[in-house]
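Novice: My questions concern the predicted model and sequence given below.
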Protein chains: 4
Amino acid sequence: MITVLKEGVTKEQREKLIQWFESHGLSVHISEGRYQTVLGLVGDTTRIDDGLVESLEIVQSVKRISEPFKSANRKFHPDDTIVDIEGLKIGGGHFQFIAGPCSVESRDQILDIAKSVKAAGANLLRGGAFKPRTSPYDFQGMRAEGLELLLEAKKETGMPIVTEIMNSNHLPLFEDVDVIQIGARNMQNFELLKDVGKTRKPVLLKRGLANTLKELLMSAEYIMSEGNENIILCERGIRTFETYTRNTLDLSAVPVLKELTHLPIVVDPSHATGHASLVPSMALAAAAAGADGLMIEVHNDPQNALCDGAQSLKPEEFAKVCKNVNAVLGAIRQFQEDE
Amino acid sequence: MITVLKEGVTKEQREKLIQWFESHGLSVHISEGRYQTVLGLVGDTTRIDDGLVESLEIVQSVKRISEPFKSANRKFHPDDTIVDIEGLKIGGGHFQFIAGPCSVESRDQILDIAKSVKAAGANLLRGGAFKPRTSPYDFQGMRAEGLELLLEAKKETGMPIVTEIMNSNHLPLFEDVDVIQIGARNMQNFELLKDVGKTRKPVLLKRGLANTLKELLMSAEYIMSEGNENIILCERGIRTFETYTRNTLDLSAVPVLKELTHLPIVVDPSHATGHASLVPSMALAAAAAGADGLMIEVHNDPQNALCDGAQSLKPEEFAKVCKNVNAVLGAIRQFQEDE
Amino acid sequence: MITVLKEGVTKEQREKLIQWFESHGLSVHISEGRYQTVLGLVGDTTRIDDGLVESLEIVQSVKRISEPFKSANRKFHPDDTIVDIEGLKIGGGHFQFIAGPCSVESRDQILDIAKSVKAAGANLLRGGAFKPRTSPYDFQGMRAEGLELLLEAKKETGMPIVTEIMNSNHLPLFEDVDVIQIGARNMQNFELLKDVGKTRKPVLLKRGLANTLKELLMSAEYIMSEGNENIILCERGIRTFETYTRNTLDLSAVPVLKELTHLPIVVDPSHATGHASLVPSMALAAAAAGADGLMIEVHNDPQNALCDGAQSLKPEEFAKVCKNVNAVLGAIRQFQEDE
Amino acid sequence: MITVLKEGVTKEQREKLIQWFESHGLSVHISEGRYQTVLGLVGDTTRIDDGLVESLEIVQSVKRISEPFKSANRKFHPDDTIVDIEGLKIGGGHFQFIAGPCSVESRDQILDIAKSVKAAGANLLRGGAFKPRTSPYDFQGMRAEGLELLLEAKKETGMPIVTEIMNSNHLPLFEDVDVIQIGARNMQNFELLKDVGKTRKPVLLKRGLANTLKELLMSAEYIMSEGNENIILCERGIRTFETYTRNTLDLSAVPVLKELTHLPIVVDPSHATGHASLVPSMALAAAAAGADGLMIEVHNDPQNALCDGAQSLKPEEFAKVCKNVNAVLGAIRQFQEDE
């Protein structure tokens, strides 16, 4: 970590700060410029709060050299983490398809879609029971009843289920859920992160709409700091000024995260683009970029259903996506083996 | 609300949609273009989920003509809401200064600052007990103990207190808090919004870092839909590509919100800019823009404290801000009376 | 196009506007709501300035149903445009690799790299002679001399060259250049667009750092409106708050543009990401997303050169990218044929 | 400037880089951490291209301590620059109102508005003759004829004129123009910047829609590096995700620029917000924030005119803005004197 001091800082002020750094086990190198003095800190800076240092009156700016996340850091854990979901593996070369409707709407709907996506190639079933909606007047999901229906679909098809939690109080209801999803809007709901960190369930952690990759990893760190290391990161689009797509899918997040962390990364092209017609090409691109899985919305009857038509694929479209993604993955594995 | 249908939609598909709109009490005007058909919906569209309509396979896009928020809408409630905090009024011409440290650090610190800001002109005391921090390794606040110290400062100075809640489970601890703050990262923690909506306590609702003003008002609507109308909105900067300031303070939010809603609006120039040197001019600008109050970080000893130096004013600087803001407010009141 | 009128607009004001629309050859459907009146315009709205209509005092908002671009619009030109560069085709299933250094630095450098990238699989040579630099103190390129060296490299290798123009006055110098590049910072330099539109040379038009896809297409329309239809669009990353990458590569631009326009689209992963380590995976992803080509920075000696090390591939790395991209393209062609 | 080296850099590579820095007149302090080595550079780093250094293969990142702009830097030029426009001063305590229509539409229109805004309190007349428009089908301005009409309005009213240039070739036409405006879309049209830098005319340089304040100052530096120091900076809103306003007016740009540079800063609330109803409060806020002037769109007949109604004030509304802004400026001068 590097700390740049403001002009005119006195020797005493500087000494005081250096002593504080040293009391945290760091050694300090001083470099004096014409206008500014720079302190280089050597040692374990993970537990130094850079915001706090930057806020000091005598400090102009702070620059981290090493990353502030530790458990999630590939530097200290070079091998890929492989998350095991009821025997199904994700990460470290294991690629999975997560599919299902945006919301659980009825028993027939979820059972029908679950069977369709399984036949089409999905390995995990997704479906929202608790739905975060911008408006209090919009459908808030079937809640506890929706969870029951998901579990029934799991029983029928054998597919593990992924579903979103919005409140720590609901954790008991999620006992039989296989992967707990933290949605984009709760990525920095730190209390919820700590509470899912106390379980040992796999967590699918979605990147917030305006969060950096570093913040995503710090949120993973929250969960890991409580002891739960079963984390799957998910890129689902960020907010920009572009309007043709709902959000901007940041696929460079995949190779960046592969460098920074050992955790698996899946991509959700459905929420990111908001348009079914864009999902197939973005699914192929995500696979080519090195993602460990895809999360795709599928509906059995988007034409008539009053939900998610625009971004949901039909089961037959999803089946084609699975087939084509597998072809691209096959080509990639081939040239990786050749190297 | 206007619904634009895709090319090639059949008469039957169109009829089905029209019937669905009519079953929600709307009447539908049809306008056929060469390539597209447009449906104009007349009636109360507040409870129509435009995301859901937009997601229909036959729909190209949707445009709201009237706003989706109702309780917060100035159209249905033309008079300014005046929030009453233990007799202190905010909104409708009543301007208040909220000041205090970022975090409660100790008994001495909070009592000392409370007295200083009161003497300088503050009307409410702010101070964080539960702190949302990006890193799990950073100081998380004094939590319950911090709340106790705030209440002691309230007792000593008579100033009502404003402090942030991060978890519904903590609500019992906030019984004697005067204004509950919902932080930027929790603006769309819908479960928390509903829970503070069930109380009747004034709520200070901060705009999220990447949220639109419409989303801010929809979050206010969540609280109001549970019966709590004592809401103070707070603009605290949004995330952009600019790096000299921590965030970009969006002061046009003030007149826009004044048009759209009857709720009072305060501005937090400390968090928005991240630099004490920018706070005085942004405080003046916020007052000139028509804000109903200011929320400013003040620390008694930023030089030595290891927290918030950079964006905190010293009490004497804050006193000058109060004096100057009052001068600007005086000039504005003068020409408003003259009109 | 739909025009929503403000509340309280008089019959006379409305009639005046309707007459103005009709005088532009449009027919107008009126739909009256409780609070607002909506005018639906039917006919050729391409030449209606929606900003101008939106700025009228009686108008609340305007929504285009059909796109404002005509020559670039796939609706009126369903077949893919294939740009022919000295016999080399791009678009309509023809994929090309454009490679070379950021800047021409010397005769040896450009000749050496040209030969290397040709051997590795490149079809076109890129290299900057006129360099847009944020600082006046940075290297501004070899300018006219750089163009000469590029032409020499073309002669030696037979590869057509792509290089950036910054000023219409330089057009005579570009007589023997095969593809004229308009850089991101000049995407809305409308005078320059018109001037290259008067030539018949292929133009590679880069998306601006904060421009929407609609604006990109309107800039293409500027060139086409002067008669030049040989346009290759280029996605090169947009500006967001993320800092690990220089910009955020928006790969969903590829399928969106494929829907909206018939023009070919290439992707530049080097400038977008700013890091050589991210280029290979983003190149594969761009190909999988359906791009018509790649533009990649390659340097013969990034280790010692004092330019572009970080985002430039070495020739052998580039050769591997070409090979792997071709494998992915092969897999895609295979399943496209099977369908 | 601080340069952080990557892990695993050899002694030789490091020595080579240090020699290169030293050959540019800098001295280098080395600070070795467990994982990384940091080089602190002392001396005049203005002419070091940090992008170039960051792009070196052995460099992880670069951080500037001192700013890369020199002529525009307040550190080397502590006193406010006062730009003199035909005897009218702006900057250093001199505040000016620039007003007029978006576009010159006719002789009657511009003469009428010129007289109105002068009577209302304007000091300079603005009006577009060459108009940058997103669409080639939109009105491109009256061009040379529009300039003639502006000069006639100047003659009639005595007000200096401000108008936009889009092409260096037009410079001869601007001989009698008092202030040459560089529009937001041309902020990084470096060739144009150099060409206006060769004149000695005052230049009003608008911030680009997605440009940082540092980039704005580097563009000013381009002009100054050619010898023209008569620059007025202009904040006119940046592009964000918010949709109620056309852009987001970044008023914190005013105090930030006041710290960084000695050049005067004006604010354009009309283009930033896009709505006349928001202009008065944003004008007051800009004055309170410390701006040196305002640039406001005024139209004599927005109701009937088919241009700029929405964001243009009527002359009587503008007169009120002038009066109220002067009242706020008066209050500010009062307390500044008292200090």
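Specialist: Structure received.

Novice: can you pull out the helices in the stretch 51-200 of chain A?
Specialist: A:107-120, A:144-157, A:190-197 (DSSP state H, counting those that start in this stretch).

Novice: any idea of the mean pLDDT in the first one?
Specialist: Confidence over helix A:107-120 (mean pLDDT, whole number) is 96.

Novice: that older thread, quick one: which of the helices of the stretch 51-200 of chain A is nearest residue B:169?
Specialist: Residue B:169 lies closest, by Cβ to Cβ, to one member of those: helix A:190-197, at 8.1 Å. For glycine as for every other residue, the C-beta is placed from the backbone atoms N, C-alpha and C.

Novice: same for the very next helix or strand once past that closest one, what does it pack against?
Specialist: The helix or strand immediately downstream of helix A:190-197 is strand A:203-206, counting by DSSP states H and E. Contact partners of strand A:203-206 among helices and strands, from 3 or more Cβ pairs under 8 Å, 6 or more residues apart in numbering or on different chains; DSSP states H and E: strand A:179-182, helix A:213-225, strand A:231-235.

Novice: which one of those is the most hemmed in?
Specialist: Of those, the one with the most neighbours on average (mean count of other Cβ atoms under 10 Å in any protein chain shown) is strand A:231-235, at a mean of 27.

Novice: Check whether the lowest-mean-pLDDT helix or strand in chain A comes into contact with chain B.
Specialist: One helix or strand of chain A scores below all others by mean pLDDT, DSSP states H and E: helix A:50-54, with a mean of 78. Yes: interface with chain B: helix A:50-54 contributes A:51-52, A:54 (Cβ under 8 Å from any Cβ of the partner chain).

Novice: Compare those and tell me which is most surrounded.
Specialist: Among these, residue A:52 has the most neighbours (other Cβ atoms under 10 Å in any protein chain shown), with 21 neighbours.

Novice: Tell me how far it lies from residue B:150.
Specialist: 21 Å (Cβ to Cβ, to the nearest Å).

Novice: any idea how far the nearest residue to residue A:224 once chain neighbours are set aside lies from residue A:228?
Specialist: Once flanking residues are discounted, residue A:224 sits nearest to residue A:71: 3.9 Å by Cβ to Cβ, 6 or more residues apart in numbering or on different chains. Using Cβ to Cβ, one gets 10 Å for the distance from residue A:71 to residue A:228.

Novice: can you pull out the strands in the stretch 1-150 of chain A?
Specialist: A:2-5, A:27-32, A:37-42, A:59-63, A:83-85, A:88-90, A:96-100, A:124-126 (DSSP state E, counting those that start in this stretch).

Novice: Closest to chain D out of the residues of helix A:50-54 next to chain B?
Specialist: Top of the list for closeness to chain D, among these and by Cβ to the nearest Cβ, is residue A:54 at 12.8 Å.

Novice: Tell me who's in contact with the closest one.
Specialist: A:61-62, B:310 (Cβ atoms under 8 Å, 6 or more residues apart in numbering or on different chains).

Novice: Residue A:61 bridge partners, please.
Specialist: Beta-bridge pairing of residue A:61 under DSSP bridges involves residue A:4.

Novice: what does chain A have sitting close to chain D?
Specialist: Counting by Cβ under 8 Å from any Cβ, chain A comes close to chain D at A:2, A:4, A:29, A:31-36, A:38, A:40-43, A:60-61, A:63, A:65-66, A:75, A:239-241.

Novice: now do 7 Å
Specialist: A:2, A:4, A:29, A:31, A:33-36, A:38, A:40, A:42, A:63, A:65-66, A:239-241 (Cβ under 7 Å from any Cβ of the partner chain).

Novice: List only those of those residues flagged as buried.
Specialist: By neighbour count, with 16 or more other Cβ atoms under 10 Å in any protein chain shown, the residues of chain A next to chain D hold A:2, A:4, A:29, A:31, A:33, A:36, A:38, A:40, A:42, A:63, A:65-66, A:239-241 as buried.

Novice: Check what pLDDT residue A:33 gets.
Specialist: At residue A:33, pLDDT is 68.

Novice: Buried residues of stretch A:252-267, list them for me.
Specialist: A:252-258, A:260-267.
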